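>>> I would like the atomic coordinates for the input below:
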Amino acid sequence: MSESTHPNPSSSSSTRPGWRAKLLVLLVTFLTVLIPFLFWQGTWFGRALTDREIEKYLGKDAKPRKTQHALVQISERIVRGETNAVRKWYPIIESLVSHPVPEIRVTVAWLMGQDNLSEAFHSALSALVRDPNPLVRRNAALSLVRFGDTSGKAEILLMLRPYRVLASKEGILTFRLREDDSVNTGTLLARIQSAEKEPFEVRSPLPGFFDRKLAEEGKQVSLGEEIILLSPAQEQVWEALRALYLVGLPEDLPDIERFAGRAPHMADRIRQQALLTIEAIKRKSFPVGLTENEFSDQGCHFRFLRRH
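Numbering: from 1, shown residues only. Got it, this is the predicted structure:
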């Protein structure tokens with residue numbers, strides 16, 4: 001007679017996860033949701049800020065990204081017609097034109113174009129268009145157009161041309177990208193091995209595309225030597241063409257006409273905008289003083305260089 005077997009209760013319970021294991025699973029699940037949310041909240045500038053938060057984020061001890069968040073919120077309030085409510089922060093904004101972090105100056109230059117009735121902003125932009133950082137200069141040049149000021153037009157034309165990256169050190173050059181690779185601001189382009197232990201990193205000051213090498217890999221380069229040619233990003237060309245629709249002159253046509261056909265890395269809207277800009281310049285129909293309606297027709301709020 002076979003001996004019957006019965007489940008061992010103690011054996012069954014030992015295979016079940018204990019409360020500590022269940023708690024650990026719940027904690028891990030919670031963190032997988034919380035961490036991305038906190039990262040998103042910390043990097044997304046769309047979250048509305050109270051006046052008290054804006055005041056705090058514009059303070060001297062605030063982290064740069066929080067200051068950027070406050071600046072973006074102020075600019076959006078200006079666009080919504082709340083200029084009077086945010087004008088109290090204008091003196092602080094003006095002081096940020098000399099902020100050591102380039103991203104802050106980029107955002108300031110973009111914000112100042114939203115209120116083209118502020119003479120203080122106009123004056124500050126005239127200084128920012130000479131900033132050492134190319135993104136700051138380009139945002140300032142675009143914002144000046146909204147004031148009817150063409151003093152930054154030379155910089156706008158540069159937005160349509162390839163950008164030459166220079167060696168900031170002397171040493172042996174090693175490239176990190178290939179031709180036609182997409183480039184963002186801060187992308188590692190190359191390294192230069194000098195007498196120092198760690199190689200110097202050459203990072204892109206602008207978005208665009210790795211057009212071609214201007215120096216030979218593995219060879220010694222000197223300080224200030226041209227090493228890389230970057231072709232412009234699509235949004236950069238788009239904003240420059242819209243600005244030139246308003247302030248372009250016949251002598252600017254050669255730069256614009258390069259985008260009237262099928263240009264590399266450019267969508268069809270770029271070709272269409274180039275044709276519109278060419279037509280506007282040839283008609284010479286734009287007046288000396290630019291009105292808000294004309295800016296609205298072209299959508300000239302120049303958002304491209306705003307970097308979060």
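>>> Show the residue spans covered by the helices in the chain.
All helices of the chain, identified by DSSP state H, fall at 9-15, 19-43, 51-57, 64-79, 83-86, 90-95, 102-112, 119-128, 134-145, 153-158, 234-247, 253-257, 268-283, 292-298.
>>> among those helices, which is the most enclosed?
Stretch with highest mean neighbour count among those: helix 134-145 (a mean of 27; mean count of other Cβ atoms under 10 Å). C-betas here are computed from N, CA, C, even on glycine.
>>> how about the CA coordinates for that one, as CSV?
The C-alpha coordinates for helix 134-145 follow below in CSV (Å, rounded to 0.1, in the frame of the first residue of the first chain):
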residue,chain,number,x,y,z
PRO,A,134,28.2,82.4,-30.9
LEU,A,135,24.8,81.3,-29.6
VAL,A,136,24.5,84.4,-27.5
ARG,A,137,25.4,86.6,-30.5
ARG,A,138,22.9,85.0,-32.7
ASN,A,139,20.0,85.2,-30.3
ALA,A,140,20.9,88.8,-29.7
ALA,A,141,21.0,89.5,-33.5
LEU,A,142,17.6,87.9,-34.0
SER,A,143,16.1,89.8,-31.0
LEU,A,144,17.5,93.1,-32.4
VAL,A,145,15.5,92.6,-35.6
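>>> can I assume V237 is in contact with R269?
No. Counting by Cβ atoms under 8 Å, V237 sits too far from R269 to count as a contact (10.2 Å).
>>> coming back round to it: turn the helices of the chain into a markdown table, including distance to E198 and mean pLDDT.
A markdown table is the format used below for the helices of the chain (distance: least, Cβ to Cβ, whole Å; pLDDT from 0 to 100):
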| stretch | distance to E198 | mean pLDDT |
| --- | --- | --- |
| helix 9-15 | 53 | 53 |
| helix 19-43 | 28 | 53 |
| helix 51-57 | 34 | 92 |
| helix 64-79 | 25 | 93 |
| helix 83-86 | 44 | 94 |
| helix 90-95 | 35 | 96 |
| helix 102-112 | 23 | 96 |
| helix 119-128 | 33 | 96 |
| helix 134-145 | 26 | 97 |
| helix 153-158 | 32 | 97 |
| helix 234-247 | 32 | 96 |
| helix 253-257 | 40 | 96 |
| helix 268-283 | 40 | 95 |
| helix 292-298 | 47 | 47 |
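>>> sorry, back to before: so what sits against both of V237 and R269?
Residues touching both V237 and R269 do not exist when contact is defined as Cβ atoms under 8 Å, 6 or more residues apart in numbering.
>>> quick one on the thing from earlier: of the helices of the chain, which approaches E201 most closely?
Comparing the helices of the chain by their distance to E201 (Cβ to Cβ), the top pick is helix 102-112, with 16.2 Å.
>>> Against which helices or strands is that closest one packed?
Where contact means 3 or more Cβ pairs under 8 Å, 6 or more residues apart in numbering; DSSP states H and E, helix 102-112 is packed against helix 64-79, helix 90-95, helix 119-128, helix 134-145.
>>> now F209: how far from Y163?
The gap separating F209 from Y163 is 10 Å, by Cβ to Cβ, to the nearest Å.
>>> Would you mind grabbing the residues shared as contacts by those two?
Between them, F209 and Y163 share these contacting residues under Cβ under 8 Å, 6+ apart: L230.
>>> can you tell which of the helices of the chain is closest to R203?
The closest approach between R203 and any of those, judged by Cβ to Cβ, belongs to helix 102-112 at 11.9 Å.
>>> quick one: that closest one to chain centroid distance?
10 Å (Cα atoms, centre = their mean, to the nearest Å).
>>> Taking helix 64-79 as reference, get the angle to it.
Computed with axes from the mean of the first three to the mean of the last three Cα atoms, to 10 degrees, the direction of helix 102-112 lies at 10 degrees from that of helix 64-79.
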